[in-house]
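Student: Next one to model:
(2 chains)
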Amino acid sequence: MNHFSKMENNLSDFPNPDGIPPVVDRSGIPVSIPKKTSKAVGEGRTFNLIRFFKLVVRRIRVDRILLFMSSLFLFILAISLMKDGARAISPFIREGLSVNNPLNSLGFGWLFAYLVMSGSPVAAAALAFFDAGAMDSSGAFTMITGSRLGAGFIVLFIGFIYVLRGRDRATSLSMGLLALSVTGVTYLIGMVLGYEILQTRMLEPLQLQSGTQLVSIVERIYDPIVTSILGILPRWSLFFLGFGIILLSFKLFDRCLPQMTIKESQVGHLSRLVYRPWVMFMMGSVITLISMSVSVSLGILVPLSERGFVRRENVIPYIMGANITTFIDTLLAAVLLNNPTAFTIVLVEMVSISLVSMVILIFIYRRFEHMMLNFVAWVTRDSRNLILFMSSILIIPILLMLV
Amino acid sequence: MRVLLTTDGSENSNNVLRFGAQFSGLSDQLITVLTVIRAESEREQGKAALLGASQLLTPMVSNIRTKMRLGQLTDEIVNEAKEGRYELIVMGIQPKRKPVRQLLKSPSILNVVEKAPCSVLIVKGPYRSIRKILLCDSGVEDSSLPGKFAVRYADLSEHEEDITILHVMSQISAGPGISGRHLRADAEDLMQEKTPEAKVLERNIAILNQPLIHPHPKVRHGFVVDEILEEAQAGDYDLVIIGAHRKEGWRGILLDDLARKIILQIDRSILVVL
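Tutor: Residues are numbered from 1 along each chain as shown, chains lettered A, B, ... in the order given. Got it, this is the predicted structure:
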């Protein structure tokens, strides 16, 4: 491999004259970023092990650890409640909403994600519906795909609000459109591939071995809580209570993220240098694995660059990587449901999206990159194109529900 | 300046020699012409190539030395450059190879650029007089390309040269709510607003503002490689100059190799400045 000359057009990382908007959480609400309080590790020459541990201990934020534990507790409680409640609302899903085939469930997941401005809770709901028998594995699979497509709309929606407030169209919408376009293409191709993989059942033998032990511990802790709530509320309401709690748990989780630590690290060069696509792919995967949300990991790009700019060469593989590991919470939900097929559904989703992304990165990446950015440029070129696009992404899921 | 010209006796090599001689300043300094043979059986062929080179260069250069080396092309050129402490290697690009071979093995020119101890001038296309130069500055603080160019090559020019200093902004906004003015502005607008890019461009113009040189700033928006290639064609430049930002360690693994793409895709001569 030749590494002789990597040009780096790195003029973007200069002090910001315009001010940077705050980072947004997964629902698009701005969150504040705490200032750096302690000195960097290894700053002095007399670096030693004791000093290092002291610094590590000093940097540990007990409040964030408690927040993380609370969000995890609530997440598991939410899954337990949704699992019980979904059984009671299964007839309503099948007959009331007429979600009877994979296309219906694709549209349902898509619209549901619009409604709650988040994809992960909808994906968890899809698994709960599958576990309750409200939909089959194909239906759950496409509903999860729909939830991700709907979630892709969030960053775009925030940009759209900025446009309505008079901000520049191209600047406000580029990232949201790019995220949605890349997600749309990879997920829709991945859905076809995943559907075939799901039918062959080739991934069914792959199961988490310690899942059963985890579930027995969870049941011991959470069953009494669910039973006591069931004594007060009707069974169907448990699903909605669980759904509300899962939204809350994700909100709490967002607050645990150490955004400034990422900015202070070498990753902060992100905006200045042009990285190899697979490096950005890995970075998107890892950051989303930690943040569990594509919109959060895209939001992290803003403080990473001091002017709020990011190299267009770097963005697409980052989104592609993020689109895979964003399923990690859905995978955890599948384990908590103690349903091997639910686990397989999520695994198939991850594998198919990974395969599609890999093929694009290896064989047609440059063409794909240009195609996506040209599409974004077309949508933002004039109001007519933008209205056409926005109408399409609202009408398509409705049509899918009616098929 | 110590210049090493390479030849294999082909018509393309003659362009290399003429372009190299022009770039070396037509002076009376010693110019070495090197040919590399892979086997003893090619010795006569090598001799003929060197004789042809001498005859071609004699009217232009007074002090020519010829050399023949036996071995692999890349290794021998790099070794000669190291041993002779040359400051510039001038090479031609090899004819296009079959796609499978391209995948399996890097072109020799890229290996030379990677390993050479000095700048490399890659001659492509027909011979042309150097009057319009496109200098692609990345703006990296520790490797000012205009500075290096001014110190080493600017005084070699015997006639007036237009140098366009190009900076490509490939950034897009990372999220909604960011002011995107600078993402569309041209060099003039950026200079009026005294943006960081403008400061670098102004610094570069000051460096290159020398007799016979007319520097102009230019900013383009888009993919780095695409914009450089498009500007090179649109402006019909005689020579494109890029920096050889050799990256070692983590940078070599993580950063994309844009110079490699430019060298392979550009349709005109390119100087990779080390």
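
Student: Would you state the strands of the chain in chain order?
Tutor: Here I'm looking at chain A. Ranges of strands within chain A are A:23-24, A:30-31, A:309-311, based on DSSP state E.

Student: Hmm, no, I was thinking of chain B.
Tutor: According to DSSP E, the strands that chain B contains are B:3-6, B:30-37, B:63-70, B:88-92, B:119-123, B:132-136, B:161-169, B:171-173, B:213-221, B:239-243, B:270-273.

Student: comparing these, which gets the lowest mean pLDDT score?
Tutor: Mean pLDDT values for these show the minimum at strand B:171-173, a mean of 84.

Student: In its sheet, which strands sit next to that one, and in what direction?
Tutor: Strand B:171-173 has the following strand partners under DSSP bridges: strand A:309-311 (antiparallel).

Student: Against A:Y187, how distant is A:L193?
Tutor: 10 Å (C-beta to C-beta, to the nearest Å). Heads up, the C-betas are built off the backbone N, CA and C, glycines and all.

Student: do B:T58 as well
Tutor: Look at B:T58 and A:Y187: by C-beta to C-beta, they are 67 Å apart.

Student: State which helix of chain B is the longest.
Tutor: Ordering each helix of chain B by length in residues (DSSP state H) puts helix B:43-57 first.

Student: Any chance you could list what contacts it?
Tutor: The contact list for helix B:43-57, computed with C-beta atoms under 8 Å, 6 or more residues apart in numbering or on different chains, reads B:5, B:7-9, B:13-14, B:17-18, B:21, B:31, B:33, B:35-37, B:64, B:66-68.

Student: ok now that helix, how far from the chain's centre?
Tutor: Relative to the chain's own centre, helix B:43-57 is displaced by 25 Å; criterion: C-alpha atoms, centre = their mean, to the nearest Å.

Student: Quick one: low-confidence residue ranges for the stretch 1-150 of chain B.
Tutor: B:24-28, B:94-106, B:139-143 (pLDDT under 70).

Student: Which one of the residues in it is closest to chain A?
Tutor: B:E114 (3.2 Å; C-beta to the nearest C-beta).

Student: repeat for the stretch 151-274 of chain B
Tutor: Closest point on the stretch 151-274 of chain B to chain A, by C-beta to the nearest C-beta, is B:G180, at 2.8 Å.

Student: Could I get the contacting residues of that residue?
Tutor: Applying C-beta under 8 Å, 6+ apart, the residues near B:G180 are A:D168, A:A170, A:T171, A:S172, B:S173.

Student: Just the buried ones from the residues you listed?
Tutor: Buried members of the contacts of B:G180, scored by 16 or more other C-beta atoms under 10 Å in any protein chain shown, are A:D168, A:A170, A:T171, A:S172, B:S173.

Student: Quick one: the residues you listed as TSV, columns for distance to A:L67 too.
Tutor: Shown next, in TSV, are those (distance: C-beta to C-beta, whole Å):
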residue	distance to A:L67
A:D168	36
A:A170	37
A:T171	33
A:S172	31
B:S173	30
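
Student: and those, which of them are in helices?
Tutor: Those of the buried ones among the contacts of B:G180 lying in helices (DSSP H): A:A170, A:T171, A:S172.

Student: Identify the spatial nearest neighbour of the first one, chain neighbours not counted.
Tutor: Nearest residue to A:A170, sequence neighbours excluded (C-beta to C-beta, 6 or more residues apart in numbering or on different chains): A:T380, at 4.3 Å.

Student: Nice, that's everything, thank you.
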